[in-house]
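# have a look at this prediction, sequence included:
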Amino acid sequence: MPSETNETGPGIPGKRPIEPQRPAGGGRAVLLSLSLVGGLAILAVVLFAISPLAPRPATVQEVAREIVLVDWGEFRPEPRERLLYIAGTLLLPFSLLGSYLGVRRFLGTPFGSLLSGRIAPAAAWLWTALVPFLVVSAALAEDPPKMKVYLPGGPLSVIVALVLAAALAICADRFREKRSRLLTAALAGLAGILLLGILFFSVIGPEHIRNWPIFWVSFNAVFYSVVQVCLGRALLIDFVNQYGLYPHLLEPFLRVVGLGVYSFTVLMGLLTCAAYACFYRFLARETDETLGFLGLATMVFFGYAAFRVASHDLYLQYQPLRILFPALAVIAARSFAHRPTRGRATGLAALGAVALIWNTETGLVVLAAGLLLPAYDALLRRRPRELPARLFLGVAAAAGVFGAFTLYLRLRYGGFPDWPKLLAPAKAFYLAGAFMVPMPFYGLWVPIVVIYAAALLLAAAALVEGEQTPRARLYFFLPVLGLGVFTYYQGRSVLDALMMASYPAILLLALFADDLRRRLSPGVVTAERVLAGTLLFVLVFSLPCLATVAPSWYGSIAEKVRVTREGRADIVMQDAQFLRRFFRPGEKVLIASYTSGLYHALTETTNPLDIPGDSELLYLRDIDKQIAYLDTLPAPAVIDKTTINQGYFEACIRRYPASLRSPSGNLAILRRSP
């Protein structure tokens, strides 16, 4: 278990760390409690004051000139909410720092010292009572049918979790003093079982694909652009997509093993497992194997298993696309936290640049966090003069990665990427308001934000007191990362999105529990011990929940195996085999279908237009290009009646009498008469 002693970091020989001057014991609890409440109160007042400055939301008429929505009820612009979120994220560290400095100064006065001594015993017990109240009340504020997905087993799961948490809290001293190799191996084995469950659930073949929304909207949106890139087209040069340039980073692996649904889903499953393995390694090294496993189990249940067991959706848009590089960044940040060298700071920025290429949304967050952590470290080490140099090196490293990737695309594909097109999806969704859902006034997002605020407060306290510890750096990095990925929920505020994006908060909960455990006195019942037990309950709660959903989880895997062994071709596969008889590999064919990725992969054809796949069509200009192509029909094209308007489907067939229908009747190959 790594020690949490003060360090000045490599490259500063002979210098002693700055001794902390903050109050100890109960005074520390009062200082932190009042600072957290004061910082959040200051922020709330500021946000209330600037709320009227929010821009006017776009109207349906304005958005309809560019964006097409089947249901305009899905158009929900959120300019005020977006302003408050961005302003709150930027101002939160400063409000907490200002509050800490003010409260610290107040408690240094005679009256403040007297008050601190009077309320110190109550402060710790107050937080001990407030934490469960905050969690329970926030859960009750959520939509009950949705919460049932994350509360399988009902009261029984709660009772089992309470018993397990109490046992762990009682035995915390033994776990801390004596680490059993058998226990370590057992927990690592259980973690491996969870990761294997993720891998096997992720794997599907073409025979599993159906004409269902989870394949139209979810799978095809990720798979289509991978197929196009593997068949020789370049993103931002030949076409665009929604989720970033990840296909170019996957292409080398798929060229080795071959492009197919199985190879693609196995690769994505392995990347998802790698991300969760990074989180497990981080917690196991930073705390111990017990908290590492509990943290992993909590992330897997709330962020992966509960949603997928209920929906049977692979939802590759989040795991691994939006979680892989944040997980790698967590490992890199821990490495920097323990040895804050220039090389590791530069590596963090370079990793952020690769993450930005992989997926724009989370890449921006990883890059920003990677630049800010070395800046915070320079201030923590009382070396503000290093700030410009560190930021310059980070920006230079990121620019170098972008430059190298741009040059690669130019040399291989003969054109420069149109980088601004990366922001087109954000304009349609986040700025215009397509498919957005407003945040509730109160819900589970509140305790998650409080966790981030508490961690930032600890980082601010370390900055003021000169505590140059690895944990202080992590308490800065993780909430910055967490508030950044919180964007995923802030835009479309559904419970599933919050659960998937809450992994930094779970990592911080494990670190909080570890910090409390280190200060426990053996055999003494204190507020800190009860609070540690409460945090353990939150982490342990995932165990009975996982046990409850395990039969459905592994039953879904068994069903996939059964379908594969039977080898029966579904309608989608029958239609794909129908297309393979009429098109040659390398041919350019427009396939207007929500399963176009599969059809292009099996026929080895590419789209002749510079537009996204049908699952990602949002802009009117792209739909106009598709309609113009079908109206002029310079080459045979394929339309799917489960995708396009039924009347337009029949009109196209009447217009081109030589068209061929697939045996299922779902597809039509449009051809001009000879």
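Nice, I can see it. Residues are numbered from 1 along each chain as shown.
# show me where this protein has strands.
590-592, 637-640, 660-661, 667-670 (DSSP state E).
# check the offset of the second one from the chain's centre.
The chain centre lies 35 Å from the centre of strand 637-640; the measure is C-alpha atoms, centre = their mean, to the nearest Å.
# quick one: the helices in the stretch 401-550 of the chain?
Assigned by DSSP state H, counting those that start in this stretch, the stretch 401-550 of the chain shows helices spanning 424-426, 445-465, 470-485, 487-491, 495-500, 503-518, 527-540, 542-566.
# winner for burial among these?
Highest mean neighbour count among these (mean count of other C-beta atoms under 10 Å): helix 470-485, with a mean of 25. C-betas here are computed from N, CA, C, even on glycine.
# helices or strands up against that helix?
Where contact means 3 or more C-beta pairs under 8 Å, 6 or more residues apart in numbering; DSSP states H and E, helix 470-485 is packed against helix 79-107, helix 324-338, helix 360-380, helix 445-465, helix 503-518.
# so the helix ranked longest in the chain versus helix 445-465, what angle?
Counting by DSSP state H, the longest helix found in the chain is helix 110-141. Relative orientation of helix 110-141 versus helix 445-465 (axes from the mean of the first three to the mean of the last three C-alpha atoms, to 10 degrees): 150 degrees.
# tell me the buried residues in helix 110-141?
112, 116, 120, 123, 124, 127, 128, 131, 135, 138 (16 or more other C-beta atoms under 10 Å).
# avg pLDDT for that helix?
For helix 110-141, mean pLDDT rounds to 82.
# what packs against that helix?
helix 26-50, helix 79-107, helix 445-465, helix 527-540.
# what is the nearest of the buried residues of helix 110-141 to residue 388?
Distance ranking of the buried residues of helix 110-141 against residue 388, using C-beta to C-beta, places residue 112 first at 37.6 Å.
# coming back round to it: so which of the helices and strands packed on helix 110-141 is nearest residue 630?
Per C-beta to C-beta, nearest to residue 630 of the helices and strands packed on helix 110-141: helix 79-107, 36.7 Å.
# show me what that closest one is packed up against.
helix 26-50, helix 110-141, helix 445-465, helix 470-485, helix 487-491.
# export those helices to a markdown table and tack on distance to residue 148?
Formatted as a markdown table, these follow (distance: least, C-beta to C-beta, whole Å):
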| stretch | distance to residue 148 |
| --- | --- |
| helix 26-50 | 31 |
| helix 110-141 | 11 |
| helix 445-465 | 19 |
| helix 470-485 | 25 |
| helix 487-491 | 19 |
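# tell me which of these lies nearest to residue 360.
Nearest of the helices and strands packed on helix 79-107 (C-beta to C-beta): helix 487-491, 11.4 Å.
# could I get the helices and strands packed on helix 470-485 as a markdown table with mean pLDDT and distance to residue 400?
Listed next are the helices and strands packed on helix 470-485 as a markdown table, based on pLDDT from 0 to 100; distance: least, C-beta to C-beta, whole Å:
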| stretch | mean pLDDT | distance to residue 400 |
| --- | --- | --- |
| helix 79-107 | 94 | 27 |
| helix 324-338 | 97 | 17 |
| helix 360-380 | 96 | 13 |
| helix 445-465 | 96 | 29 |
| helix 503-518 | 92 | 28 |
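# got those helices as CSV, with distance to residue 652 columns?
Conversion of the helices and strands packed on helix 470-485 to CSV gives the following (distance: least, C-beta to C-beta, whole Å):
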stretch, distance to residue 652
helix 79-107, 40
helix 324-338, 41
helix 360-380, 35
helix 445-465, 46
helix 503-518, 46
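# who wins for proximity to residue 167 among those?
helix 503-518 (14.2 Å).
# next one: the closest one to chain centre, how far?
Taking mean C-alpha positions (C-alpha atoms, centre = their mean), helix 503-518 and its chain are 19 Å apart.
# number of residues surrounding residue 328?
By other C-beta atoms under 10 Å, 17 other residues sit near residue 328.
# pull up the gap between it and residue 159, please.
With distances taken as C-beta to C-beta, to the nearest Å, residue 328 is found 38 Å from residue 159.
# so what angle separates the directions of the longest helix of the chain and helix 527-540?
20 degrees.
# give me every residue that touches residue 577.
569, 602 (C-beta atoms under 8 Å, 6 or more residues apart in numbering).
# correction: residue 85
Residues counted as contacts of residue 85 (C-beta under 8 Å, 6+ apart) are 486, 487, 490.
# does residue 610 touch residue 235 like I think?
No. With contact defined as C-beta atoms under 8 Å, residue 610 does not reach residue 235; the gap is 10.4 Å.
# more neighbours: which of the two?
residue 235 (24 against 15).
# any stretches of the chain with poor pLDDT?
1-26, 69-72, 171-180, 521-525 (pLDDT under 70).
# same thing but 50
Regions of the chain meeting the criterion pLDDT under 50 cover residues 1-22, 24-25.
# you'd agree residue 474 is up against residue 334?
Yes. Between residue 474 and residue 334 there is a contact at 6.6 Å, judged by C-beta under 8 Å.
# what touches both of those two?
Each of residue 286 lies in contact with both residue 474 and residue 334 under the rule C-beta under 8 Å, 6+ apart.
# for residue 472, see how far away residue 342 is.
19 Å.
# actually residue 431, not the one I typed
36 Å.
# ok, now which ones touch residue 131?
Per C-beta under 8 Å, 6+ apart, neighbours of residue 131: 531, 534, 535.
# could you find the closest non-adjacent residue to the last one?
The reference is to residue 535. Excluding its sequence neighbours, the residue lying closest to residue 535 (C-beta to C-beta, 6 or more residues apart in numbering) is residue 513, at 4.3 Å.
# show me the contacts for that neighbour.
So residue 513 contacts 287, 291, 532, 535, 536, 539 (C-beta under 8 Å, 6+ apart).
# for the stretch 251-400 of the chain, just list every one of the helices.
Counting by DSSP H, counting those that start in this stretch, the helices of the stretch 251-400 of the chain are 261-286, 289-300, 306-311, 324-338, 342-358, 360-380, 386-413.
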